[in-house]
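K.L.:
Here you go, sequence then predicted model.
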Amino acid sequence: MEVNPTCEACENDAETLTHALWKCSKTKAVWKLIPWYAKCDLLEEGSMFDIHTALHNRLRQTEFEDAIKGKSRVLVWFISPATAPDMAEAWAILEAIKHIPATVTGPFEIQSDCKTVVDALHSQVSHLSAISTLLHKIKTRLEDFQDYNIIHVHRENNECANMLAKRGLETQTSQIFSHFFPSWLANFCKADLPHLM
């Protein structure tokens with residue numbers, strides 16, 4: 001499938017999430033229609049994360065949708081909100097793939113209890129959403145491997161990963177364990193494999 005990376009709205013740059021939200025001349029006009037736009041200068045650094053967090057916390061979804069559906073119809077696509085669990089799962093998968101040890105040459109399996117992420121990774125269709133950039137990065141990284149499988153598992157079969165994801169969301173941190181297995185992690189994993197511990 002041939003994909004044209006150029007932004008269809010302005011036809012100037014590659015249509016990345018950053019471009020679509022902040023750099024596209026057509027998108028900038030939509031942001032200025034949102035009543036909350038004037039408050040953007042109150043953010044610390046003005047980073048995309050700060051702005052997304054502020055929008056999520058302070059802006060009603062209808063304000064954004066009304067700006068899109070307004071008279072000018074500048075923006076014709078809708079940014080579908082990705083839930084925190086979907087984003088956390090996609091980030092976890094991406095980080096795991098980034099840190100696969102060089103010694104791993106055989107097949108491996110990615111298990112996820114987030115069916116929407118698994119289905120999206122199997123799909124050839126790409127939708128514009130907050131999570132699509134992460135999914136694209138995952139798919140690009142997986143191109144380096146020949147023998148892998150991505151499967152959906154039920155939550156009760158994936159309690160260790162679920163507990164780790166909750167811990168990561170609560171502490172806003174990522175941790176990588178490549179040379180040791182901490183005891184607190186072993187305790188988490190007992191939920192998945194109590195007969196092996």
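P.N.:
Great, that's in hand. Only a predicted model underlies this, so the values are computations on that prediction, with no experimental measurement involved. Residues are numbered from 1 along each chain as shown.
K.L.:
list the contacts for Lys98?
P.N.:
Residues touching Lys98, when contacts are defined by C-beta atoms under 8 Å, 6 or more residues apart in numbering, comprise Arg141. (C-beta placed from N, C-alpha, C; glycine too.)
K.L.:
Could you report the pLDDT at Ser47?
P.N.:
At Ser47, the pLDDT value in this model is 51.
K.L.:
what does Glu95 give?
P.N.:
Looking at Glu95, its pLDDT stands at 83.
K.L.:
Alpha carbons only: can I get the strand or helix carrying it in CSV?
P.N.:
In the assignment (DSSP states H and E), Glu95 maps to helix 84-98. Extracted C-alpha coordinates of helix 84-98, given in CSV (Å, rounded to 0.1, in the frame of the first residue of the first chain):
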residue,chain,number,x,y,z
ALA,A,84,-4.9,6.5,29.0
PRO,A,85,-4.8,2.7,29.1
ASP,A,86,-4.5,2.5,25.3
MET,A,87,-1.7,5.0,25.3
ALA,A,88,0.1,3.4,28.2
GLU,A,89,-0.1,0.0,26.5
ALA,A,90,1.2,1.3,23.2
TRP,A,91,4.1,3.1,25.1
ALA,A,92,4.9,-0.1,27.0
ILE,A,93,5.0,-2.2,23.8
LEU,A,94,7.2,0.4,22.0
GLU,A,95,9.6,0.6,24.9
ALA,A,96,9.8,-3.2,25.2
ILE,A,97,10.6,-3.5,21.4
LYS,A,98,13.2,-0.7,21.7
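K.L.:
Report the buried residues of the helix or strand that it is followed by.
P.N.:
Per DSSP H and E, the first helix or strand lying C-terminal to helix 84-98 is strand 108-112. Buried residues in strand 108-112, counted by 16 or more other C-beta atoms under 10 Å: Ile110, Ser112.
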